[in-house]
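Chemist: here is the input, now give the coordinates:
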Amino acid sequence: MVAWIFRFVNNLRKKKISGVLTSQEIDEAEIFVLKTVQNQSFGHENEEQLSTLRPFIDKDGLIRLKTRVSNREDTKDFCFPVVLPAKHPLVLRLIFSLHERLHHVGTEGLLSKHRERYWLLGGRRTVRAAIVKCVICKRQSSKPFQAESPPLPLDRVRDATGFEIVGIDFAGPLYLKSGEKEWVCLFTCAIYRAVHLELTTSMSTSSFIQVLRRFVARRGRPKTIYTDNGTNFCGAKNAFAKLNWTKV
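Modeler: Residues are numbered from 1 along each chain as shown. Below is the predicted model of the structure:
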């Protein structure tokens, strides 16, 4: 945005330039913004908060730091990083922008990437302050809600024989080679978690009663049965009531 403003001003004073922004225009705008931030925060290179560092002013008027890798054949920004203040609004926006471009990298990775060009005062603290309100990071790092498990009901923990208390449900359909449908009636012991399976060719009440008869002939008559409100289960309940089954 600053580069476009500079182009508008230059077009009013000089020969008009059109087209996309050039790298020179972007660099000039960046230098202007960084100098503005430094003037608002430091004023000069002998600022007290820079006393432990080795600052100097380059030819563009930016306050840079002398580092131990100054003799390395690398970019000027890496060997002599631009010093930036902590918690300045523009610095926080700069950090957050890079945080988004790097796909929400963490504090250490983001700080390392910034040190390729800038030296942030209070580095880790400043980076954390910039990304602490990132909604996407909060969503990814949030802990799932954990509800305390209630105690099991008495029919799940009391002493009983196998299949004395059962739960019943149907699974399927399964398709046979002949094209017919089959369903699996699942009997689960509520105490010992044992499983008994029976096949049936229909979901009707009469078919379920036949399945239950086969189960009782093999495992014995249960005292308590838990099911959902399926029509076959409700129909069987009415039939069992006539047989004086206590809990169905």
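Chemist: in this protein, which helix has the most residues?
Modeler: In the chain, taking DSSP state H as the definition, the longest helix is helix 23-41.
Chemist: list the buried residues in the following helix or strand past that one.
Modeler: Once helix 23-41 ends, the next helix or strand along the chain (criterion: DSSP states H and E) is strand 55-57. By neighbour count on 16 or more other C-beta atoms under 10 Å, the buried set for strand 55-57 is residue 55. For the C-beta atoms, the positions are set from N, CA and C on the backbone; glycine is no exception.
Chemist: mean confidence for strand 55-57?
Modeler: Across strand 55-57, the average pLDDT comes to 83.
Chemist: same check on stretch 185-204?
Modeler: Rounded mean pLDDT across stretch 185-204 is 89.
Chemist: distance from stretch 87-106 to the middle of the chain?
Modeler: 19 Å (C-alpha atoms, centre = their mean, to the nearest Å).
Chemist: ugh, typo on my part, it should be stretch 166-182
Modeler: For stretch 166-182, the distance to the chain centre is 39 Å (C-alpha atoms, centre = their mean).
Chemist: show residues contacting it.
Modeler: 183-190, 199-201, 203, 212, 222, 224-228, 230, 233 (C-beta atoms under 8 Å, 6 or more residues apart in numbering).
Chemist: swap in 6 Å and give it another go.
Modeler: 183-190, 199, 222, 225-227 (C-beta atoms under 6 Å, 6 or more residues apart in numbering).
Chemist: select from these the one having the most neighbours.
Modeler: residue 222 (25 neighbours; other C-beta atoms under 10 Å).
Chemist: what helix or strand is the nearest residue to it once chain neighbours are set aside on?
Modeler: Among residues not flanking residue 222 along the chain, residue 166 sits closest, at 4.8 Å (C-beta to C-beta, 6 or more residues apart in numbering). If you go by DSSP H and E, residue 166 is part of strand 165-175.
Chemist: next one, pLDDT for residue 165 please.
Modeler: Reported pLDDT for residue 165: 90.
Chemist: for residue 157, see how far away it is.
Modeler: According to C-beta to C-beta, to the nearest Å, residue 165 and residue 157 sit 11 Å apart.
Chemist: still on that earlier bit, need the contact partners of the longest helix of the chain.
Modeler: With C-beta under 6 Å, 6+ apart, helix 23-41 has contacts from 2, 3, 6, 60, 61, 62, 63, 82, 85, 88, 90.
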